[in-house]
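Visitor: Just a sequence and a predicted model for now, questions to come.
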Amino acid sequence: MPNPDHVCVGAIAGSFGVRGEVRLKSFCSEPADIGSYGKLSTEDGSTFYDIKLTRPVKSGYAAKLTGVATKEDADALRGTRLYAPRSALPKLPDDEFYHADLIGLAAMDTGGVKIGNVAAVHNHGAGDLLEIRGTGLGSGLLIPFTQTAVPTVDLSAGRLILDPPEGLLDDEHGGTSASDDA
């Protein structure tokens, strides 16, 4: 289980060149900020890296990491996610949230009925999508993370309120189905 005091800020996409540099993907709203959070750790916290961004490259940055000296070392880290201590991250405005804070929240409909829990937050370029998992949702439900579809996020209560577009939820959760139109 991820440490709630750490937030994923990037991932190693493989090696860059032959001198031990890595290709680093940043998940920060300002991509270069990944180099400003101090030591970054692996998910389990067993390894820490000092990061020095060397230059922008396609889809990220070339970077030097402490303890990574060869192309083979860099290749072995492909797919490793990097985490910063929450205390190193900037405080967000009231209407913005770190993805890590949303995962696990109970997802309620506007009538107070629990639909499921936020399992993941995805962004494929057109905005964030919340993946909701729960009983009766099959492989899950993707909800756009907009003010209209998610009017309330209450971190202190551990929940958010969903008002998804009509027809997105099945009958069990207040939506419509083809049989309603007959």
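Guide: Okay, I see it.

Visitor: where does this protein dip in pLDDT?
Guide: Residue ranges of the chain with pLDDT under 70: 1-4, 170-182.

Visitor: Walk me through the domains of the chain.
Guide: With domains defined by automatic domain parsing, the chain comprises 6-87, 99-175.

Visitor: Please point out which parts of stretch 136-154 sit buried.
Guide: Using 16 or more other C-beta atoms under 10 Å as the test for burial, stretch 136-154 gives L137, L141, I143, P144, F145, A149, V150, V153. Bear in mind the C-beta positions are built from the backbone N, C-alpha and C, glycine included.

Visitor: and the gap between the residue nearest the centre of the chain and L162?
Guide: Nearest to the mean C-alpha position of the chain, counting by C-alpha atoms, centre = their mean, stands H99 at 4.4 Å. When distance is defined by C-beta to C-beta, to the nearest Å, H99 is 17 Å away from L162.

Visitor: I'd like to know how far the residue nearest to the centre of the chain sits from E131.
Guide: According to C-beta to C-beta, H99 and E131 sit 11 Å apart.

Visitor: just to revisit the earlier point, same list (the buried residues of stretch 136-154) but as TSV, adding distance to T80 and secondary structure.
Guide: What follows is the buried residues of stretch 136-154, written out as TSV (distance: C-beta to C-beta, whole Å; DSSP: H, G, I helix; E, B strand; the rest coil):
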residue	distance to T80	secondary structure
L137	31	coil
L141	30	strand
I143	30	strand
P144	30	strand
F145	26	coil
A149	33	coil
V150	31	coil
V153	30	strand
